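>>> need a 3D model of the following:
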Amino acid sequence: MEEKTKIERKNNKSVKTAVLLFGAVLITMSLLGGTLAKYTSEIGTASDSARVAKWYVSEKVSDFDLFADSYLDEGAGNTKGAWDADNKTNKKNTVQGDTEGTKVIAPGTKGSATIQIDANSVKESEVAFKYVFELEGQDSWYSLPFYRNGSIHIDMNTGVTQNMGWNVLYDGTSKYNGWLPLRFKITKGSSVVYDGLSGGAQQYEDGQKQVVALRNELGKLGTDVIYPKSTSAEIQNIVDDSEITIEWEWPFKQVDDPGLSADDNKLKHDREDGYDTLVGQNAASTDPTKVPNFKIPISVKKVQVD
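This is a model prediction of the structure:
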């Protein structure tokens with residue numbers, strides 16, 4: 001019995017000891033937890049914000065007056081004249097539209113125009129940009145650009161079944177192909193990039209090659225990049241280097257073919273005079289869809305660059 005009592009006392013003592021140790025652990029954990037959370041300090045914050053970069057559209061493009069409503073005589077260079085309602089008295093204009101502002105072209109006329117951004121109208125931007133010039137209204141690569149019957153492009157590969165507009169070249173079977181009399185010179189900045197007026201072999205290229213060359217060169221129009229904080233002098237230089245000047249002429253007499261004899265060249269010119277005449281007659285048509293005309297539609301866009 002005494003032995004049993006000793007064992008129970010020993011067990012009770014062990015239980016008390018375990019309870020005391022557990023309580024001590026809880027108290028210690030509580031104290032440590034309070035100590036770890038005691039020191040707190042804010043060392044700073046981080047944030048950022050931005051506004052959208054400024055994009056100005058203030059530019060002006062030079063007037064593109066390639067054609068005129070009147071042209072002076074040969075002695076005055078066949079260039080643009082001043083429309084005169086009573087041209088009978090001064091006899092200066094040898095070609096003149098029937099109303100002022102009606103632009104016309106005819107054999108013996110010529111002119112020029114320059115496409116250029118007005119550097120003074122360029123406003124400083126916060127992003128880099130450039131100007132691109134795009135040709136509008138190109139129905140397909142195979143169409144003859146700019147030559148139109150009414151509003152329809154002449155196609156390179158197929159003629160039409162009737163004499164209309166520029167389509168006056170009868171092929172001997174059933175088609176009338178386009179007569180393309182205009183010739184061109186193209187200058188970019190100070191460099192001549194194509195010369196179909198007096199530029200070596202190019203002056204002998206036919207109207208189709210010349211008008212395609214014109215389209216191809218116009219398709220390359222554009223400026224170098226203008227960066228934020230570019231100086232006015234830098235902008236002026238970029239604009240000057242990108243300007244395009246187009247010179248055109250409808251010769252009163254087309255150039256001789258160097259591969260033909262003098263007699264054959266005379267026959268060639270006689271035929272060309274006949275084509276010019278037919279085109280002029282078609283211009284008098286009362287059907288506007290059959291009237292030959294020439295149109296260069298160009299748009300100028302300002303675009304951001306990466």
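
>>> can you give me the strands for the stretch 101-250 of the chain?
Ranges of strands in the stretch 101-250 of the chain, per DSSP state E, counting those that start in this stretch, are 110-115, 129-135, 143-149, 152-155, 167-170, 176-178, 183-188, 191-195, 244-249.

>>> so which of these comes closest to G101?
Of all those, strand 110-115 sits nearest to G101, with 15.5 Å by Cβ to Cβ. C-beta: built from backbone N, CA, C; applies to glycine.

>>> picking up where we left off before, turn the strands of the stretch 101-250 of the chain into CSV, including mean pLDDT and mean neighbour count.
Output for the strands of the stretch 101-250 of the chain, formatted as CSV (pLDDT from 0 to 100; neighbours: other Cβ atoms under 10 Å):
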stretch, mean pLDDT, mean neighbour count
strand 110-115, 91, 18
strand 129-135, 85, 17
strand 143-149, 82, 21
strand 152-155, 84, 18
strand 167-170, 94, 19
strand 176-178, 93, 21
strand 183-188, 93, 21
strand 191-195, 93, 15
strand 244-249, 93, 20
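
>>> save the ones you listed as TSV, and put in distance to D206 too.
Formatted as TSV, the strands of the stretch 101-250 of the chain follow (distance: least, Cβ to Cβ, whole Å):
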stretch	distance to D206
strand 110-115	18
strand 129-135	21
strand 143-149	12
strand 152-155	14
strand 167-170	11
strand 176-178	11
strand 183-188	10
strand 191-195	14
strand 244-249	15
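
>>> now do the same contact list for Q236.
By Cβ atoms under 8 Å, 6 or more residues apart in numbering, Q236 lies in contact with A119.

>>> out of the strands of the stretch 101-250 of the chain, flag the one nearest D276.
strand 167-170 (9.0 Å).

>>> run a quick neighbour tally on A106.
By the measure other Cβ atoms under 10 Å, the count of residues near A106 is 17.

>>> for it, report the pLDDT, please.
Looking at A106, its pLDDT is 95.

>>> Q96 is in contact with that one, correct?
No - here A106 does not reach Q96: they are 9.7 Å apart, not a contact under Cβ atoms under 8 Å.

>>> what residues do these two have in common as contacts?
Listed as contacting both A106 and Q96 by Cβ under 8 Å, 6+ apart are Y71.

>>> tell me how the protein divides into domains.
61-104, 114-304 (automatic domain parsing).

>>> any idea which of these scores lowest on pLDDT?
domain 61-104 (a mean of 86).

>>> off-centre distance for that domain?
From the chain centre to the centre of domain 61-104 is a distance of 29 Å (Cα atoms, centre = their mean, to the nearest Å).

>>> what do you get for stretch 275-288?
32 Å.

>>> what residues sit buried inside that stretch?
275-276, 278-279, 282-283 (16 or more other Cβ atoms under 10 Å).

>>> what's the farthest-apart pair in those residues?
Y275 and A283 (12.9 Å).

>>> tell me which of the buried residues of stretch 275-288 fall in helices.
275-276, 278-279, 282-283 (DSSP state H).

>>> would you list the residues you listed in a markdown table and tack on distance to N177?
Putting these into a markdown table (distance: Cβ to Cβ, whole Å) gives the following:
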| residue | distance to N177 |
| --- | --- |
| Y275 | 10 |
| D276 | 15 |
| L278 | 12 |
| V279 | 13 |
| N282 | 14 |
| A283 | 18 |
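
>>> for the residues you listed, which one is nearest K80?
A283 (19.4 Å).

>>> for the residue nearest to E134 when sequence neighbours are not counted, grab the count of nearby residues.
Spatial nearest neighbour of E134, excluding adjacent residues (Cβ to Cβ, 6 or more residues apart in numbering): S299 at 5.0 Å. Using other Cβ under 10 Å, S299 has 11 other residues around it.

>>> distance of S299 from E243?
Noted for S299: a distance of 16 Å to E243, by Cβ to Cβ, to the nearest Å.

>>> swap in D48?
Counting by Cβ to Cβ, the gap from D48 to E243 is 43 Å.

>>> pick out whichever of these two has more residues nearby.
The residue with more neighbours, out of D48 and E243, is E243; 17 against 4, by other Cβ under 10 Å.

>>> ok, that one touching A119?
No - using Cβ under 8 Å, E243 is not in contact with A119; the gap is 10.1 Å.
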